[in-house]
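Engineer: pasting the structure only:
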Ligand SMILES: Nc1ncnc2c1ncn2[C@@H]1O[C@H](COP(=O)(O)OP(=O)(O)OP(=O)(O)O)[C@@H](O)[C@H]1O
Ligand SMILES: Nc1ncnc2c1ncn2[C@@H]1O[C@H](COP(=O)(O)OP(=O)(O)OP(=O)(O)O)[C@@H](O)[C@H]1O
Ligand SMILES: [Mg+2]
Ligand SMILES: [Mg+2]
């Protein structure tokens, strides 16, 4: 036997998951630090200090959280093998729930209410996809058609005649508690205003997270961490992922496939609902028709961007939130500074590729790097008309250059029927 | 063998039962919602069930045919297992380019129309091609890229309308198409202000082409094969990468046509009141129509009908029209669920039939 | 006669009485009764679709019987889910492996049994212990996707052992193994038996059944025909019990090898994504009318070899010539047009559009050639007519050409593929495991077709894990190991054992 | 006169009690066609309803209001809405928002006996329509005044403008505002942000409070202490940001007197609002029909006709009313020509 196994076993045993993760972590850390230094340098060189000002970073966080929550929801659902396009609709329901319960029973009830409505949306999706075995995308699209209509329809009966509210918007909701640690925030802010290299950037980051840090933001971060722990470190998570990878194998080992799929979808709905509630309470001061406006799809994109893993997904959401925030903060000059960052980053990556022996791709990457460099040099700001595209173009560029080998759950989107094990 | 005819009869019956069942479910649920919010259920149903006036019939056809184009554009992707969310962006790029070309009127009269329509198809096709290219060369999921490209398309078009557009009072739009390049409507009823868009006839043509290419040609077979089983397609010599790009581009080319009937039939320019969202509606229509040219036609008509009635709901029945979106969603779900149930039942019939044969052969 | 059934209840670990299972229209099992003596190896044999897997799935709680009782260790039980069966100490290794590629060996094993040793270090240790105890040599942290077939099967067995199953079901466990692996497996089975476990196993290979089983139950068309002891029957008699027909054995007639070189590979090298060679220094010459057998443990480059020949993989070195043409740079499509027929290793992934009707499946792989197409157009009637011809000529059991491929049993699917690949007169036929999981009747038919092809001057590249098949059909045999050819053998002189040892590198060369 | 400019209106509180349900007069039957959202926006649309209310009180007018179900409407859908109203004998039929311009142009020809009006509207083609009134506003003039107010109130010599979608309509606000600011002090910096470049994307432009908030925060961080918004409901975000920024930071509302609809803690930060008297335009249209001399073709409601102005609620601008009125007077007299393009 030993002979045989030595034959069939691959000559080089592949790295184990552990090592794999640690290596990946180290890589990301390095990239992160590099990016940070780069940004800091760009800031100093260009004087576009808003590029990582405390305000910009705070804005980024607030913009990224709802996207990340939607993306996180996507991970729960698709890791269990159910594609969830319906996130958009569940965000809408969540926002409405926050508006209704928040206005009538207070902010805590609001957040819970948002989760509840998200859950209801997810329940429909679960019923259709898991029980009836309907095509996942059809069900998701249907939910995305239904939810905004339902929300607008209910908003009319919920909020007409409310003080400060109206048929299309809830009254202003109370803010969820937020943490401000002035002893740190104040000095940090001052330090940030000194515009020193690296130091001020760090200070800005510190200031960003120590002032007006909503507990919901913290909760969202906790949920991201919790998700990667639950899904990858617990028996429950193993079962849920196995259902998304090989349902019939799972069933043959006594795992209740339907149950775990339903759980995955429902949790994703709760998270999306939370995202909607966050929109209605932290990002703005109440529910309003049309306020979600595609964020669910962006969350979906973030999930794919993150290769169905929480960490990278968060990075995707942050990238989008950051560029969107810079644009809204009238960042014609910050985005111009960002050109420099991109140029250098691309050139560096080109060198890396070259050393890897990928001549042609190195050439292409370098070429683009050059283009951005020139663009940076010959202009002194990005025309305001174009800043709006920044978030979308940036996402495409990142994906195009660091083209991933995507690894969706193997049975993602497949319809499973009980008793088809074996 | 004996029970085969009855089987067939039952199948035929099932085919009709499914949609009927679905509509009943949808109706029930919508009514429930109306009751729960104390709205006028009676009014809702009278509005929805009274025969539309002739001019409404024309409107329903007009929008339905436009939706049909959108549905086909989405369906092409689906048949290839590509989730092209980008029809919306491709549609707007196409409409804008056509509006500009036609507005510039480089060619006289009808030639101008042809040129503009071709320009729309090319522009939208190329725009969609970006997503295909990113997918095959860089492994970027078409879901992401088309979502991003939609937003970029909207912003680009918006920007260029500001740049090249002419001011009409408080908003801008592209130069108006010269009158000799308009496409006259088709009069369906006398004494009715609205007419069928001339270019709406593109829809049936596209539908036929879609059907023929997909089901009668080698290319179509390869496309369906790639969609049904990429591995099998590759093994049997289909260049799947090429198929991905080509089908993305075709999807875009059709998307480019979506705006044409309105552009040449009534709007005559691309401005801020030009309709958005048709691309997304098309996805639902395609799915509801199960990517089948006939099914999509029905789906498009259902959606168009509801859209038209929605406009009247709050005038005639004082009901907030958003309810219709809910009804549309419910219909989509109800239909697919009903079909799924029937499909399983049919599968069993077939399997039973297979086994029965096997038994006979063995016996 | 009826060894199992008469044995005293006390020593029976499994007894099924009057089991009937109807699927829509099919009676998979009809009044099946037999008993398994504790601590014995009990074999189940029967042709494709006889109902073996279904019966086992019932024993394992995957499917519920419509009628009949099941007793485990003398107590009547109802097994409505696998969980129930596991609780009863029953474990099953399925015909089609039930593994999650993207999970590690450990994860695959502990799944559903997390209570036992958690999912962490303890579980890992336990897995290592068992793995060593049986000489499985498995790495608990490896991703299953990177495992070969033999290893995958050992993972499956480990899953069962990990749960402390005392009654172990194996459905066609040997279908994909080479002799050495089979021996190893049987060694494990005997050891398990020695420890007092009861084993039920299914196989189409009657010799090995007789070699290892204490009792053999024969199933025909869903009902138990008889339960016999190996000593009391010959394989031939077994086969007759099964199908009422003789057990065919592959055998070549006089050589038809010509000197016309058809396929020639020169120094072919294929690299995987990571740049590691999967094939290297492959030289091969195949003449018209010749059947060249490739023997090898699965995962040693057979798949890559086929893919390199039909152009699914681009060779990083070397040339491929077919007839006069140098096709090294050609696309798969062009190559197949030139007349390469392929019976793929994985018929479901590479050979069929499972949800399309048979007549459309007729077109697959022949999109550029009549009768299925005319110019850019699909020739519907042509394709339908030819599909009908295949069904008739190749005895594909199906109600018609409009039936979806999925509804056919694997055996019949295989016969249809063979028929399709033979049509459009190919010059080269690549047959990968043409009779795997196919019952003896269908086997004989497929072998006849391959011989016929050979007579008609086709060149046939035959890849198989069934060494008797290789030896019986081939004009010459090459052994592939770690992506290289490590030996040429003359089928008339070589024995399966010699081949086996060459395949595992234990050979003298 | 001074008081005309100060008259405050568009009190959203009225929006709630739906005049079309309550009114039971014998006067004109008015058909009101709204854009998405419709009544209850506590701004533009509700301002029209206020005018309608006045018509109900003074002229015994009755009305029906029609609203689209989805933002994704075509001009055909809008035309059909107008047709249905005209068909049912409503007269006048008023489209609230320029979005109805194209549809109106189609339908007006079909119903020569009915009088139509489009707020902010325009005739898309060269054929004049005898029975359509295009009721425009000199938003730049009102914006000029609030610009003056902003300039006089800013301490940081930096003020901001947040626009919804970058289109000619909103550019008018920007242009007037900037001119007003510069008229006081050339060196005051005016930060301009638009929420989207896509004029067809009303959602991102006018229903995007979180976007408005981020934009305002950006301007505040850059030192702006007065921010004028012309971004519909996205303005809620602007108010929120300014309020959070604390004392001495102000926002300027738009269309209606947004002080009246702001929450208690926001009110201290709402300096004033640029009033766009949609109510006046609406009432005048209805009245003209009642009097048998319906308005047609273009009417521009400017300062002179009390069509635009600024709000005084909260009393934050009382101390500078002199300068404001002076500016207003100069505009009326034509001494100051306010640009309508940036
Ligand atoms: N899930 C199912 N649904 C419907 N019919 C089924 C199902 N599974 C099996 N059958 C029927 O039951 C019969 C027995 O199938 P089974 O898989 O047990 O055959 P088998 O003896 O295992 O064949 P093989 O030797 O090829 O594995 C099949 O011929 C098929 O017609
Ligand atoms: N889930 C299922 N639904 C319907 N029929 C099934 C199902 N599973 C198996 N069958 C039927 O059972 C019969 C035999 O199935 P099975 O897969 O055992 O065939 P096979 O000859 O063993 O093929 P393979 O060797 O590839 O397993 C086929 O007729 C197939 O249609
Ligand atoms: Mg079987
Ligand atoms: Mg089998």
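Structural biologist: Thanks, I have the structure now. Small disclaimer: the values here were computed from a predicted structure and weren't measured. Ligands and ions are numbered 1, 2, ... in the order given.
Engineer: right, and the helix or strand after the host helix or strand of residue B:101?
Structural biologist: For residue B:101, the host element (DSSP states H and E) is helix B:87-104. Downstream of helix B:87-104, the next assigned helix or strand under DSSP H and E is helix B:109-138.
Engineer: does that next one reach chain D?
Structural biologist: No - using C-beta under 8 Å from any C-beta of the partner chain, helix B:109-138 stays clear of chain D, coming no nearer than 15.5 Å. C-beta here means a position set from N, CA and C on the backbone, and glycine is covered the same way.
Engineer: if we can go back for a sec, now do the helix holding residue B:101: which elements does it pack against?
Structural biologist: Other elements packing on helix B:87-104 under the criterion 3 or more C-beta pairs under 8 Å, 6 or more residues apart in numbering or on different chains; DSSP states H and E are helix B:54-79, helix B:109-138, helix B:142-164, helix B:240-257, helix B:260-262, helix B:278-288.
Engineer: closest to residue A:103 out of these?
Structural biologist: Of all the helices and strands packed on helix B:87-104, helix B:278-288 sits nearest to residue A:103, with 30.1 Å by C-beta to C-beta.
Engineer: please enumerate the strands of the stretch 1-150 of chain A.
Structural biologist: In the stretch 1-150 of chain A, no segments count as strands under DSSP state E, counting those that start in this stretch.
Engineer: again, but for the stretch 151-300 of chain D
Structural biologist: D:158-165, D:189-196, D:226-230, D:250-255, D:270-276, D:297-301.
Engineer: residue C:264: what secondary structure?
Structural biologist: The three-state assignment at residue C:264 reads strand, by DSSP: H, G, I helix; E, B strand; the rest coil.
Engineer: so what's it closest to, chain neighbours aside?
Structural biologist: Of all residues not flanking residue C:264 in the chain, residue C:321 sits nearest, at 4.6 Å (C-beta to C-beta, 6 or more residues apart in numbering or on different chains).
Engineer: surely the one you found is within a helix?
Structural biologist: No - judged by three-state DSSP, residue C:321 forms no part of a helix; its state is strand.
Engineer: quick one: buried residues of the helix holding residue B:101?
Structural biologist: Residues B:87-104 are the ones in helix B:87-104 that count as buried (16 or more other C-beta atoms under 10 Å in any protein chain shown).
Engineer: now do stretch A:112-126
Structural biologist: So stretch A:112-126, judged by 16+ other C-beta under 10 Å, has buried residues A:112-122, A:124-126.
Engineer: which of those residues come close to ligand 2?
Structural biologist: Counting by C-beta under 6 Å from any ligand atom, nothing from the buried residues of stretch A:112-126 sits close to ligand 2.
Engineer: thinking again about what came up before, the strands of the stretch 151-300 of chain D into TSV, with extra columns for distance to residue C:254 and mean neighbour count?
Structural biologist: Listed next are those as TSV, based on distance: least, C-beta to C-beta, whole Å; neighbours: other C-beta atoms under 10 Å in any protein chain shown:
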stretch	distance to residue C:254	mean neighbour count
strand D:158-165	85	27
strand D:189-196	82	23
strand D:226-230	95	31
strand D:250-255	98	28
strand D:270-276	101	29
strand D:297-301	102	17
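Engineer: closest to residue A:366 out of those strands?
Structural biologist: strand D:189-196 (34.0 Å).
Engineer: in its sheet, which strands sit next to that closest one, and in what direction?
Structural biologist: Partner strands and pairing direction for strand D:189-196 (DSSP bridges) are strand D:158-165 (parallel).
Engineer: pLDDT at the residue sitting nearest the centre point of chain C, what is it?
Structural biologist: The centroid of chain C falls nearest to residue C:436 when counting by C-alpha atoms, centre = their mean (3.9 Å). Listed pLDDT for residue C:436 reads 78.
Engineer: near residue C:23, how many other residues are there?
Structural biologist: The local packing of residue C:23 (other C-beta atoms under 10 Å in any protein chain shown) involves 15 other residues.
Engineer: which residues does stretch D:216-223 contact?
Structural biologist: Identification of contacts with stretch D:216-223 by C-beta atoms under 8 Å, 6 or more residues apart in numbering or on different chains yields A:50, A:53, A:55-56, A:58-59, A:328-331, D:156, D:158, D:160, D:162, D:189, D:191, D:193, D:227, D:229, D:237-238, D:240-242, D:245, D:249, D:251.
Engineer: per-residue confidence at the closest residue to residue A:166 other than its chain neighbours?
Structural biologist: Nearest non-adjacent residue to residue A:166, counting by C-beta to C-beta, 6+ apart: residue D:40, 3.6 Å away. Each residue has a pLDDT score; the one for residue D:40 is 76.
Engineer: hmm, residue A:168 and residue D:40 touching each other?
Structural biologist: Yes - counting by C-beta atoms under 8 Å, residue A:168 is a contact partner of residue D:40 at 6.0 Å.
Engineer: in the stretch 301-450 of chain C, what residue spans correspond to strands?
Structural biologist: C:317-322, C:325-326, C:340-343, C:373-374, C:377-378, C:428-432.
Engineer: least reliable of those strands going by mean pLDDT?
Structural biologist: Looking at the strands of the stretch 301-450 of chain C, the weakest mean confidence is strand C:373-374, a mean of 86.
Engineer: filter the contacts of stretch D:216-223 by proximity to ligand 1?
Structural biologist: Restricting the contacts of stretch D:216-223 to those touching ligand 1 (C-beta under 6 Å from any ligand atom) yields no residues.
Engineer: so stretch A:288-297, near chain B or not?
Structural biologist: Yes - using C-beta under 8 Å from any C-beta, stretch A:288-297 reaches chain B at A:294, A:297.
Engineer: want to throw the buried residues of stretch A:112-126 into a markdown table with pLDDT and distance to chain B?
Structural biologist: A markdown table is the format used below for those (pLDDT from 0 to 100; distance: C-beta to the nearest C-beta, whole Å):
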| residue | pLDDT | distance to chain B |
| --- | --- | --- |
| A:112 | 97 | 22 |
| A:113 | 97 | 17 |
| A:114 | 97 | 19 |
| A:115 | 97 | 21 |
| A:116 | 97 | 17 |
| A:117 | 97 | 14 |
| A:118 | 97 | 16 |
| A:119 | 97 | 17 |
| A:120 | 96 | 13 |
| A:121 | 96 | 11 |
| A:122 | 97 | 14 |
| A:124 | 96 | 7 |
| A:125 | 96 | 10 |
| A:126 | 96 | 12 |
